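K.L.:
fold the following and give me the result.
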Amino acid sequence: MSAGRAHSYTWLNNRLEPTEIPAHKYMSLMKRWISAKIDDVQLFPTSPSTVSFAPNAAFVSVTAFSVSDSEDWVGRSSGFPKEFASTCKTIFLQMFRVYAHLYWSHFVDPFYHLNLEKQLNSCFSNFLLTATSLDMLRAEDLEPVQMLVDLWAANGTFPPKSKAYSFAHVKSGEKLMQCGLEAS
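P.N.:
Numbering: from 1, shown residues only. Below is the predicted model:
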């Protein structure tokens with residue numbers, strides 16, 4: 001599976017060796033892996049008896065999801081394990097890779113041809129805003145879709161105070177917008 005010439009995504013086989021596989025198989029394995037993680041009650045506790053309550057907490061700081069080496073981590077008081085944040089980051093990265101592949105290999109056919117590009121853009125832009133605000137993706141992770149990030153920052157899809165916007169090269173996005181206007 002790839003996202004352009006510079007980004008090839010491999011899957012770890014049973015011997016933990018990177019293996020190149022077709023995109024549809026990568027997505028199937030990824031979906032199964034994520035489902036197994038979410039269904040694991042040790043990683044994602046579901047018992048209401050373990051839920052903690054913080055009466056004065058208006059919100060959780062977005063930096064609370066950062067991976068921490070200390071003995072206090074996000075979700076600890078509710079029974080979430082120490083590796084919860086790093087597992088979530090891996091889940092977000094895997095999902096991002098699928099989006100990147102879809103944009104590079106399937107945007108025109110089928111999304112554009114079926115008039116579904118607005119739905120894809122809406123889902124992906126919201127995914128990026130959420131993933132970046134929770135520190136689930138880093139700026140370098142976005143490289144395969146950097147031009148899209150730049151464009152969305154320049155055209156107002158990303159709010160200027162968002163982390164996704166801060167990862168953009170707005171001047172490049174403005175140039176892309178200008179090219180689009182000249183082409184029309």
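
K.L.:
how about K82: what's its closest non-neighbour residue?
P.N.:
Distances taken as CB to CB, 6 or more residues apart in numbering place W73 nearest to K82, at 5.4 Å, with adjacent residues excluded. Using the backbone N, CA and C atoms, a C-beta is placed for each residue, glycine as well.

K.L.:
wait, that neighbour touches G79, no?
P.N.:
No: W73 is beyond contact range of G79, at 11.6 Å (criterion: CB atoms under 8 Å).

K.L.:
quick one: which of the two has more around it?
P.N.:
W73 (20 against 17; other CB atoms under 10 Å).

K.L.:
which SS state does the residue nearest to K82 fall under?
P.N.:
coil (DSSP: H, G, I helix; E, B strand; the rest coil).

K.L.:
can you check the pLDDT for it?
P.N.:
pLDDT for W73: 82.

K.L.:
list the contacts for it?
P.N.:
F80, K82, F84, A85 (CB atoms under 8 Å, 6 or more residues apart in numbering).

K.L.:
please report how far L93 lies from P160.
P.N.:
As judged by CB to CB, to the nearest Å, L93 and P160 stand 25 Å apart.

K.L.:
what's the first-to-last distance across stretch 154-173?
P.N.:
5 Å (CA to CA, to the nearest Å).

K.L.:
buried ones in that stretch, by neighbour count?
P.N.:
A154, T157, F158, S162, K163, A164, Y165, F167, A168, V170, S172, G173 (16 or more other CB atoms under 10 Å).

K.L.:
put together TSV for the residues you listed, with secondary structure, pLDDT and distance to D40 on each row.
P.N.:
Output for the buried residues of stretch 154-173, formatted as TSV (DSSP: H, G, I helix; E, B strand; the rest coil; pLDDT from 0 to 100; distance: CB to CB, whole Å):
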residue	secondary structure	pLDDT	distance to D40
A154	helix	97	41
T157	coil	97	35
F158	coil	98	33
S162	coil	97	31
K163	helix	97	28
A164	helix	98	29
Y165	helix	98	34
F167	coil	98	31
A168	coil	98	35
V170	helix	97	41
S172	helix	96	41
G173	helix	96	40
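
K.L.:
closest to S125 out of these?
P.N.:
For these, the closest approach to S125 (CB to CB) belongs to T157, at 5.2 Å.

K.L.:
quick check: the closest one touching F124?
P.N.:
No: between T157 and F124 there is no contact under CB under 8 Å: 10.0 Å.

K.L.:
which intervals of this protein have sub-threshold pLDDT?
P.N.:
Scanning the chain for pLDDT under 70 picks out 50-70, 183-184.

K.L.:
all helices of it, in order?
P.N.:
23-39, 84-106, 117-133, 146-154, 163-166, 170-183 (DSSP state H).

K.L.:
most tightly surrounded among the ones you listed?
P.N.:
helix 146-154 (a mean of 21; mean count of other CB atoms under 10 Å).

K.L.:
sounds good, over and out.
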